[in-house]
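[1] Pasting the sequence and the predicted coordinates here, then a few questions.
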Amino acid sequence: MTATLHKPQLVCPAGSLRALQAAVDAGADAVYLGLKDATNARNFAGLNFDDAQVRDGVRYAHARGREVLMALNTFARAQDDTPWRRAVDRAAALGADALIVADTAVMAYARDHHPQLRLHLSVQASATTYEAIEFYRERYGIRRAVLPRVLTLAQVQHAIRHTSAQIEVFGFGSLCVMVEGRCALSSYVTGQSPNTAGVCSPPSAVRWEQTPAGVNARLNDVLIDAYAPDEPRGYPTLCKGRFVVDGQRDYTIEEPTSLNTLAILPQLIEAGVAAIKIEGRQRSTGYVAEVTRVWRAAIDHAASGARWSVQPGWSAGLARWAEGQQHTLGAYDRPWR
């Protein structure tokens, strides 16, 4: 008889109430969301939740036995941390099950004023070692840590063995070339740090420019990319722009691609990962629904102890939503080490 393995929690993104409902309906164990301000790292216009929407989302999720995690994962401004403190109070009042936090001042405030709220260490805190995780656990009461997407599978396993905090890892979604929570590129070009303003490429700095050859994308007047008339256009970010170097125009810093860890899902489960996170609060409801469905089926299958193989339908479903229609294991797979 095949032994059933521990089943990690599936944590899915919700940039809107519709996306939250789609994630829950598709099998998410928990959804994570943010408020309509700079306290979260996806502070885009038209995205995120006001208090009434949070309340409705919490009610919808809780009625179906699911959790709601609120991302307060930017760094509070030294001159005024009031919005972050108020966001913690709002999360508690609205019924969030946990906070995803990066700033130690925000952690301390939540610990002291709302001890009933679980604290999850955001990937923005960039805790890459078990010593760092243990520091946050011992000092601020962190119950779970989201690992940055720069660790190998062996490093993830090592962290799990040496901390009593739960470990959450990213399973699918966009990658970032910068050290998590330490992005300097957008700040350099726009004067606004995504670590405090909550957005890479703030909309106020983005400009689309029609030309005889197609469309140029500029960030604060810096040319990021140039598209042919019929070429698909993504939201312009400096790290994924195309530039001319030595006469060749290509993705100079980072090529658009998505992390996809389906191939090593059994190893992650066996290592004791507590939760697998899907990136994409800025993505569509369709993305949330289909990616959640695939990962729900994959986790259930892998945790059953049955013979593992990545199903073609899963791969096809995820490929439709991958950046650049390609995916990678990222840092999990480093054959050159």
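    Yep, that arrived.
[2] so what are the domain limits for the chain?
    With domains defined by automatic domain parsing, the chain comprises 9-175+257-332, 199-251.
[3] what mean pLDDT does the longest one have?
    When pLDDT is averaged over domain 9-175+257-332, the result is 95.
[4] Okay, now that domain: how far is its last residue from its first?
    For domain 9-175+257-332, the first and last residues are 20 Å from each other (Cα to Cα, to the nearest Å).
[5] Show which residues not belonging to the longest helix along the chain make contact with it.
    Ranked by number of residues, the top helix in the chain under DSSP state H is helix 285-303. In this structure, residues lying in contact with helix 285-303 by Cβ atoms under 8 Å, 6 or more residues apart in numbering are 4-8, 10, 12-14, 16, 18-19, 22-23, 25-28, 171-172, 262, 265-266, 269, 276, 278, 280, 308, 310-311, 314, 317-318, 320-321. Yep, even glycine has a C-beta here, placed from its N, CA and C like the rest.
[6] pull the CA atoms of it into PDB?
    As requested, C-alpha coordinates have been extracted for helix 285-303 and formatted as PDB (Å, rounded to 0.1, in the frame of the first residue of the first chain):
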ATOM      1  CA  THR A 285      -8.500  35.800 -13.000                       C
ATOM      2  CA  GLY A 286      -8.000  33.300 -15.800                       C
ATOM      3  CA  TYR A 287      -4.400  32.800 -14.800                       C
ATOM      4  CA  VAL A 288      -5.300  32.400 -11.100                       C
ATOM      5  CA  ALA A 289      -8.000  29.800 -11.900                       C
ATOM      6  CA  GLU A 290      -6.100  27.600 -14.300                       C
ATOM      7  CA  VAL A 291      -2.700  27.700 -12.400                       C
ATOM      8  CA  THR A 292      -4.500  26.900  -9.200                       C
ATOM      9  CA  ARG A 293      -6.400  24.000 -10.700                       C
ATOM     10  CA  VAL A 294      -3.200  22.500 -12.100                       C
ATOM     11  CA  TRP A 295      -1.300  22.800  -8.800                       C
ATOM     12  CA  ARG A 296      -4.200  21.500  -6.800                       C
ATOM     13  CA  ALA A 297      -4.200  18.300  -8.900                       C
ATOM     14  CA  ALA A 298      -0.400  18.000  -8.800                       C
ATOM     15  CA  ILE A 299      -0.100  18.400  -5.100                       C
ATOM     16  CA  ASP A 300      -2.900  15.900  -4.400                       C
ATOM     17  CA  HIS A 301      -1.300  13.400  -6.800                       C
ATOM     18  CA  ALA A 302       2.200  13.900  -5.400                       C
ATOM     19  CA  ALA A 303       1.100  13.700  -1.800                       C
END
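[7] Buried residues, that helix. List them.
    285, 287-299, 301-303 (16 or more other Cβ atoms under 10 Å).
[8] Also stretch 272-283?
    Neighbour-count burial for stretch 272-283 flags 273-283 (criterion: 16+ other Cβ under 10 Å).
[9] show me what contacts Arg137?
    When contacts are taken as Cβ under 8 Å, 6+ apart, Arg137 is in contact with 143, 145, 163-165.
[10] hang on, the earlier thing: among the buried residues of stretch 272-283, which one lies nearest to Val189?
    The shortest gap between Val189 and any of the buried residues of stretch 272-283 belongs to Gln282, at 19.3 Å (Cβ to Cβ).
[11] residue contacts, that closest one?
    By Cβ under 8 Å, 6+ apart, the contact set of Gln282 is 15, 42, 44, 47, 235.
[12] sec struct for the last one, please.
    What that stands for is Tyr235. On the three-state scheme (DSSP: H, G, I helix; E, B strand; the rest coil), Tyr235 is labelled coil.
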